[in-house]
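Chemist: kindly generate the corresponding structure for this input.
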Amino acid sequence: MAIDFTLAPEHEEIRKRVRAFIQEVVIPASEELRESDRDAYLRGIFKLREKAKAEGLWLPHMPKEWGGMGLGHVELAMVQSEAAKTRLGPWVLNCQAPDEGNMHTLLHWATDEQKDKYLRPLLDGVKMSCFAMTEPEVAGSDPTLIRTHAVQDGDEWVINGHKWFISNARRANFAILIAKTELDVPEGARGGNTAFLIDLPQEGWNDVREVETMHGSTGHSEIVIKDLRVPESQILGGRGNGHRLGQYRLGPARLAHCMRWISQAETALDMMVDRALNRYSHGSLLADKQGVQWLIADSAMELYQCKLMVLHAASKIDKGEDFRTEVSMAKHFVAGSLNRIIDRAIQVHGALGYSTDTPLANMFQHARWARFADGADEIHQMRIAERTIDAYRSTGSTNAATGGLPL
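Modeler: Numbers count the residues shown, from 1 in each chain. Have a look, this model is predicted:
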């Protein structure tokens with residue numbers, strides 16, 4: 001089996017164009033934008049988006065017939081990693097979470113009418129969305145425990161419940177809401193939830209607060225849902241398919257996060273090496289000291305592993321193969337590596353790294369989120385172990401659970 005992640009010439013050209021656009025246009029412009037002036041900040045982003053459209057760098061993850069660049073997941077990896085060199089990069093190219101995952105979901109599950117109303121404005125960049133599944137009272141990694149429930153009342157559904165850490169909710173024009181509709185499904189069964197499309201704002205959807213996190217208030221809302229009424233036509237993907245829809249959405253979305261995290265890890269490693277080459281202490285540069293060399297070497301090896309895992313998982317998605325184990329492994333490993341590499345970079349920078357004079361402190365605060373977002377480390381480890389055991393039971397070998405590679 002040939003394994004070749006060399007980009008085709010046309011895709012290498014796209015990578016170079018994305019890199020140049022991010023480095024020469026987006027990063028200089030973003031340095032002048034200030035979130036405290038919200039109107040000016042949004043105007044700046046929309047101007048950058050228009051430039052991205054003009055450059056043909058819009059919607060890299062979507063099919064060409066829907067106005068996208070039509071890239072596969074391997075090619076998307078290089079675009080996402082280049083875009084994520086700055087926090088605004090994915091927003092400018094309109095491939096940011098949670099809209100990116102919601103676009104995939106709507107393309108696959110929505111009716112034609114729903115695509116016209118919800119997907120098309122997302123693709124055009126004139127509306128934003130959120131995905132409302134996580135709840136404070138139950139484990140967010142187990143959707144079968146969801147308590148938000150919807151009861152049918154004629155041609156409408158009445159929804160009550162409690163959600164939190166709903167990213168982008170305050171900016172969203174609509175939500176994909178997961179609620180339990182089949183109240184007689186046994187505990188632990190996966191057919192009890194349904195997805196609803198909720199227009200925002202709407203009576204019954206109460207945005208209580210923006211949850212303060214380690215890195216500040218960044219749009220993760222707590223929502224109380226009280227007697228929210230939606231028509232039957234707002235069901236997305238069919239009644240009882242909420243779990244399947246959520247899993248379909250989360251698989252590629254997890255890998256997209258990894259693509260962006262790799263960019264952040266590489267930035268941290270670059271900064272670590274630059275610091276080591278320019279900081280003199282105790283008779284030599286830090287780069288000449290074995291202890292610092294180990295930090296650099298460990299980070300380089302981990303980053304190499306991250307890139308290979310993401311590219312291999314992406315290739316399995318492109319081939320239509322079962323990618324669940326590979327994506328779980330990549331998500332777990334890349335999230336951990338991101339935290340470790342940034343931490344090492346801070347260590348090499350010393351007190352400067354701990355300060356806010358470099359981006360490392362802010363990067364570290366954001367990185368901690370990676371280890372539980374879209375499934376906590378321990379959940380992925382559990383699933384990886386289950387599939388490894390199942391592979392051995394089925395074939396007498398664990399090879400299928402370790403990438404199915406020819407060695």
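Chemist: my guess is D155 contacts V230, does it?
Modeler: No - using C-beta atoms under 8 Å, D155 is not in contact with V230; the gap is 10.2 Å. C-beta here means a position set from N, CA and C on the backbone, and glycine is covered the same way.
Chemist: who's more crowded, these two?
Modeler: Neighbours around D155 and V230, counted as other C-beta atoms under 10 Å, are more numerous at V230. The numbers are 21 against 8.
Chemist: for that one, helix, strand, or coil?
Modeler: Following DSSP: H, G, I helix; E, B strand; the rest coil, the label given to V230 is strand.
Chemist: how about M62?
Modeler: Assigned by three-state DSSP, the conformation of M62 is coil.
Chemist: quick one: residues contacting it.
Modeler: Contacts for M62 (C-beta atoms under 8 Å, 6 or more residues apart in numbering) come out as 68-70, 103, 107, 123.
Chemist: can you redo the residues you listed as a markdown table with secondary structure, neighbour count and distance to A195?
Modeler: Listed next are the contacts of M62 as a markdown table, based on DSSP: H, G, I helix; E, B strand; the rest coil; neighbours: other C-beta atoms under 10 Å; distance: C-beta to C-beta, whole Å:
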| residue | secondary structure | neighbour count | distance to A195 |
| --- | --- | --- | --- |
| G68 | coil | 18 | 23 |
| M69 | coil | 21 | 27 |
| G70 | coil | 14 | 26 |
| M103 | helix | 23 | 15 |
| L107 | helix | 17 | 14 |
| L123 | helix | 20 | 19 |
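Chemist: and the two most separated of these?
Modeler: Maximum pairwise distance in those, criterion C-beta to C-beta, is 14.4 Å, between M69 and L107.
Chemist: so R229 sits right up against D155, yeah?
Modeler: No - assessed by C-beta under 8 Å, R229 is found out of contact with D155, at 10.2 Å.
Chemist: for A373, which non-adjacent residue is closest in space?
Modeler: Distance criterion C-beta to C-beta, 6 or more residues apart in numbering; nearest residue to A373, sequence neighbours excluded, is H257 at 6.9 Å.
Chemist: where along this protein do the strands fall?
Modeler: With DSSP state E, the ranges of strands along the chain come out as 129-132, 149-153, 156-167, 174-180, 193-199, 205-213, 216-231, 235-236, 280-281, 284-285.
Chemist: tell me which residues of the second one come out buried.
Modeler: By 16 or more other C-beta atoms under 10 Å, the buried positions in strand 149-153 come out as 149-150.
Chemist: which strands and helices sit next to that strand?
Modeler: In terms of contacts (3 or more C-beta pairs under 8 Å, 6 or more residues apart in numbering; DSSP states H and E), strand 149-153 is packed against strand 156-167, strand 174-180.
Chemist: try the fifth one
Modeler: Contact here means 3+ C-beta pairs under 8 Å, 6+ apart; on that basis strand 193-199 packs against strand 174-180, strand 216-231, strand 235-236, helix 242-278.
Chemist: what's the closest of the ones you listed to D199?
Modeler: strand 174-180 (5.4 Å).
Chemist: can you tell me the centre-most residue of the chain?
Modeler: H257 (3.6 Å; C-alpha atoms, centre = their mean).
Chemist: so what's it up against?
Modeler: H257 neighbours (C-beta under 8 Å, 6+ apart): 97, 331, 370, 373-374.
Chemist: where does this structure dip in pLDDT?
Modeler: Low-confidence segments of the chain, defined by pLDDT under 70: 1-3, 35-36, 187-189, 218.
Chemist: looking at the helices and strands packed on strand 193-199, which is buried most?
Modeler: Greatest average neighbour count among these goes to strand 174-180 (a mean of 25), per mean count of other C-beta atoms under 10 Å.
Chemist: then that strand to PDB, C-alphas only?
Modeler: Only the C-alpha atoms of strand 174-180 are listed here, as PDB (Å, rounded to 0.1, in the frame of the first residue of the first chain):
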ATOM      1  CA  PHE A 174     -29.800  29.900  14.500                       C
ATOM      2  CA  ALA A 175     -29.000  26.800  16.600                       C
ATOM      3  CA  ILE A 176     -28.900  23.100  16.000                       C
ATOM      4  CA  LEU A 177     -30.400  21.900  19.200                       C
ATOM      5  CA  ILE A 178     -30.300  18.300  20.400                       C
ATOM      6  CA  ALA A 179     -33.200  17.200  22.600                       C
ATOM      7  CA  LYS A 180     -34.700  13.900  23.800                       C
END
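Chemist: wait, doesn't R49 sit right on V92?
Modeler: Yes - R49 lies in contact with V92 (C-beta under 8 Å); the separation is 5.7 Å.
Chemist: still on that earlier bit, ok, of the contacts of H257, which one's closest to V151?
Modeler: Nearest to V151 among these: D374, at 29.4 Å, using C-beta to C-beta.
Chemist: how about the closest one: what's its closest non-neighbour residue?
Modeler: Nearest residue to D374, sequence neighbours excluded (C-beta to C-beta, 6+ apart): R254, at 4.7 Å.
Chemist: what is the neighbour count of R368?
Modeler: 16.
Chemist: to clarify, my last question referred to V185.
Modeler: Number of residues near V185 (other C-beta under 10 Å) recorded here: 15.
Chemist: check contacts around it.
Modeler: By C-beta under 8 Å, 6+ apart, V185 lies in contact with 191-192.
Chemist: give me the phi and psi angles of it.
Modeler: phi -70, psi 130 (degrees, to the nearest 10).
Chemist: now H73: closest residue in space, sequence neighbours ignored.
Modeler: A314 (3.7 Å).
Chemist: the one you found: neighbour count?
Modeler: Going by other C-beta under 10 Å, the residues that sit close to A314 add up to 27.
Chemist: isn't it right up against L71?
Modeler: No - with contact defined as C-beta under 8 Å, A314 does not count as touching L71 (10.3 Å).
Chemist: next one: the nearest residue to F196 once chain neighbours are set aside from I159, what distance?
Modeler: The shortest distance from F196 to any non-neighbouring residue, by C-beta to C-beta, 6+ apart, is to L177 (4.7 Å). Separation of L177 from I159 (C-beta to C-beta, to the nearest Å) stands at 7 Å.
Chemist: what sits in contact with each of these two?
Modeler: Here L177 and I159 have 148, 196, 225 as joint contacts, going by C-beta under 8 Å, 6+ apart.
Chemist: any idea which of these is the one closest to E321?
Modeler: Closest approach between the shared contacts of L177 and I159 and E321, by C-beta to C-beta: F196, at 31.5 Å.
Chemist: I am finished for the moment; much appreciated.
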